[in-house]
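> build me a structure from this.
(one chain, ligands or ions: 2)
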Amino acid sequence: MQEAKRMPSESCSAAAASFTPSALAALLREHAPLHAGESHVTGPRNSLSSNELIRLAAAADERGDLISAADLHLDLLELTRSDTYTKSATERLQKLYPMGDASRVSRNHSDTFRTAVEQSVAAGKAEVLSASPPLYLLHDVLSATEVADLRGVVARRRDLWGASHPLVCFQHDAFTGHPGLTHAFDWMRGRPGAGGRGCFAQAASRATYAHVPWSESLFVYRGQEALFDGISRRVQEMSGLHDTHAYSWQALTYEAGRDGGYADHTDCEHAADLLGRGERMATLLVYLTDDFDGGETEFPKLGLKVKPPVGSALLFYNFGPGWGGRACSAEAAHRSNRVTRGSKVVLQRWHSYQEQPFLAGRPILSQRGRRPFQPVVSCDYVSGLRTNVSCRWYNSDVPWTTA
Ligand SMILES: O=C(O)CCC(=O)C(=O)O
Ligand SMILES: [Fe+2]
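Numbers count the residues shown, from 1 in each chain. Ligands and ions are numbered 1, 2, ... in the order given. Predicted structure coming up:
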């Protein structure tokens, strides 16, 4: 139903098959012709200087445009890694969204998460799939009723997005290394070597989005759904991972025919250091369906391909070596294989070592040119696999009240 609503005239498999750079270029030429002075891409997000960003943020504040102001402060944070900008972004976002414990001082996670998961193993509630990196299967995290209720919440929230078409974005400068895509982007930007990071403008997004193979991510924020807050408590009991150190929940959906798996990657945010504020120390995946073919979560470096039963969860640590190592662990690389029948729905949540004042509490708004509440299809390039572009449809800022 969802797909029919979103793409009234497209067939899924035809869509996925045509996502090649030359097909993309042809599509853009046909459906979104360039006029003089017009570009297929929105302004480059991170090529602005910090002075320019500060000026734009002040102007957004003056207009009362808190979303843009917060977004610009988040850009500044990315550019400078300065706490000042976290604080400014948080202040603005607090005015827009309930923030949970945003006022709390960040403190480090203790090591209780290790003890807690080892106790779960000793009690037969979890099993070890790998010691290094630590990887666990948690049994019966959810009852059958909870699974059904959660699927209901996910379906209800998906419906809120209606038929709106997404902004299509490409995340990494690394696209410049992709022979075909670089060419397409050069063509779109009208200058060679321009690189491939940015979003298509609205007309180009509309012309191309149905041709991109994607999986979907729907965000659920702390305080939005009692059911999700309840699971957060259960996860804390079984794994020692705290809600206060978590990102928001994401409900991931992979549908047969849409062709969007997710290629090999690690979840380390910047691959820098476990102690970085946004670093994803641990990943939790809770499975809400298992009646599908393909779609395994695979850890190629560990020779493991897993398809956990409904209601169970995978938990793995992304930094090593072993426990407490501070460098991104290449062995924690994983992928989601494409689903060839049925649909895979999994809840994902990342946890960081440092407390997160706001990541779980409100949307991160990060794409220039996006309309309020517009979904984004964001394509990631995966290191070492240049032909493997993974795209995800993000429904990230659902209106707060949905009941
Ligand atoms: O869906 C899966 O099995 C894995 C998803 C994942 O690795 C991710 O979204 O980062
Ligand atoms: Fe991942």
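
> so where's the stretch 201-350 of the chain shaky on pLDDT?
Along the stretch 201-350 of the chain, the parts satisfying pLDDT under 70 run over 270-272, 277.

> enumerate the residues of it near ligand 1.
For the stretch 201-350 of the chain, the contact set with ligand 1 under C-beta under 6 Å from any ligand atom comprises 252, 262, 267, 285, 297, 334, 336, 346, 348. (Glycine included, C-beta is placed from N, CA and C.)

> now these in a markdown table, with neighbour count?
Below are those laid out as a markdown table (neighbours: other C-beta atoms under 10 Å):
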| residue | neighbour count |
| --- | --- |
| Leu252 | 20 |
| Tyr262 | 21 |
| Asp267 | 20 |
| Leu285 | 21 |
| Thr297 | 21 |
| His334 | 24 |
| Ser336 | 24 |
| Val346 | 23 |
| Gln348 | 18 |
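
> need the max-distance pair from the residues you listed.
Asp267 and Val346 (13.7 Å; C-beta to C-beta).

> list the contacts of Glu298.
304-306, 334-337 (C-beta atoms under 8 Å, 6 or more residues apart in numbering).

> correct me if wrong, but it is in a strand.
Yes - membership of Glu298 in a strand is supported by DSSP: H, G, I helix; E, B strand; the rest coil.

> ok, and the closest non-adjacent residue to it?
Lys305 (4.5 Å; C-beta to C-beta, 6 or more residues apart in numbering).

> please report how far that neighbour lies from Val235.
24 Å (C-beta to C-beta, to the nearest Å).

> where exactly do the strands run in the stretch 51-200 of the chain?
Per DSSP state E, counting those that start in this stretch, the stretch 51-200 of the chain carries strands over the ranges 126-130, 135-138, 167-170, 198-199.

> and of these, who's closest to ligand 1?
Proximity to ligand 1 (C-beta to the nearest ligand atom) singles out strand 135-138 among the strands of the stretch 51-200 of the chain, at 12.7 Å.

> is ligand 1 within reach of the closest one?
No - with C-beta under 6 Å from any ligand atom as the criterion, ligand 1 is not reached by strand 135-138; the gap is at least 12.7 Å.

> in its sheet, what does that strand sit against?
Pairing partners of strand 135-138, with direction, according to DSSP bridges: strand 126-130 (antiparallel), strand 313-317 (antiparallel).

> residues contacting the last one, please?
Spelled out, it's strand 313-317. Strand 313-317 has contacts (C-beta under 8 Å, 6+ apart) with 117, 126, 129-130, 133-138, 141, 235, 239, 241, 281-287, 297, 299, 306, 308, 323, 329, 332, 334.

> out of those, which are buried?
The neighbour count (16 or more other C-beta atoms under 10 Å) marks 117, 126, 129-130, 133-138, 141, 235, 239, 241, 281-287, 297, 299, 306, 308, 329, 332, 334 as buried among these.

> closest point of the stretch 151-300 of the chain to ligand 1, which residue?
Closest point on the stretch 151-300 of the chain to ligand 1, by C-beta to the nearest ligand atom, is Thr297, at 3.4 Å.

> what separation do you get for the residue nearest to that residue when sequence neighbours are not counted and Arg114?
Excluding the flanking residues, the one nearest Thr297 by C-beta to C-beta, 6+ apart is Val306, at 5.1 Å. Distance check for Val306 against Arg114: by C-beta to C-beta, it reads 21 Å.

> again, but for Val376
36 Å.

> out of these two, which sits in the busier spot?
With neighbours defined as other C-beta atoms under 10 Å, Val376 and Arg114 compare such that Val376 has more, 22 against 15.

> list the beta-bridge partners for that one.
The partner residues for Val376, given DSSP bridges, come to Leu167, Tyr394.

> so what's it up against?
166-169, 199, 367, 370, 393-394, 396.

> least confident of these?
The lowest pLDDT within these belongs to Gln367, with 64.

> does the residue of the stretch 151-300 of the chain closest to ligand 1 touch Lys307 like I think?
Yes - with contact defined as C-beta atoms under 8 Å, Thr297 counts as touching Lys307 (7.4 Å).

> now the helix or strand harbouring Ala263 - C-alpha only, CSV.
Taking DSSP states H and E as the criterion, Ala263 maps to strand 262-265. Taking Å, rounded to 0.1, in the frame of the first residue of the first chain, the C-alpha atoms of strand 262-265 are listed here in CSV:
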residue,chain,number,x,y,z
TYR,A,262,22.6,-1.8,2.7
ALA,A,263,26.2,-2.5,1.7
ASP,A,264,29.1,-3.3,4.0
HIS,A,265,29.9,-0.6,6.5
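
> what separation do you get for Tyr353 and ligand 1?
Noted for Tyr353: a distance of 18 Å to ligand 1, by C-beta to the nearest ligand atom, to the nearest Å.

> list the beta-bridge partners for the most centrally placed residue in the chain.
Centroid check for the chain by C-alpha atoms, centre = their mean gives Ser217 as the closest residue, at 6.5 Å. Note on Ser217: beta-bridge partners by DSSP bridges are Leu252, Tyr394.

> wait, isn't it in contact with Cys391?
No - at 10.8 Å, Ser217 does not count as touching Cys391 under the criterion of C-beta under 8 Å.

> so how far is the first residue of stretch 326-341 from its last?
End-to-end distance for stretch 326-341, by C-alpha to C-alpha, to the nearest Å: 39 Å.

> run the chain-centre distance for that stretch.
A distance of 14 Å separates the centroid of the chain from that of stretch 326-341, by C-alpha atoms, centre = their mean, to the nearest Å.

> please apply the same query to stretch 222-235.
With C-alpha atoms, centre = their mean, you get 19 Å for stretch 222-235.
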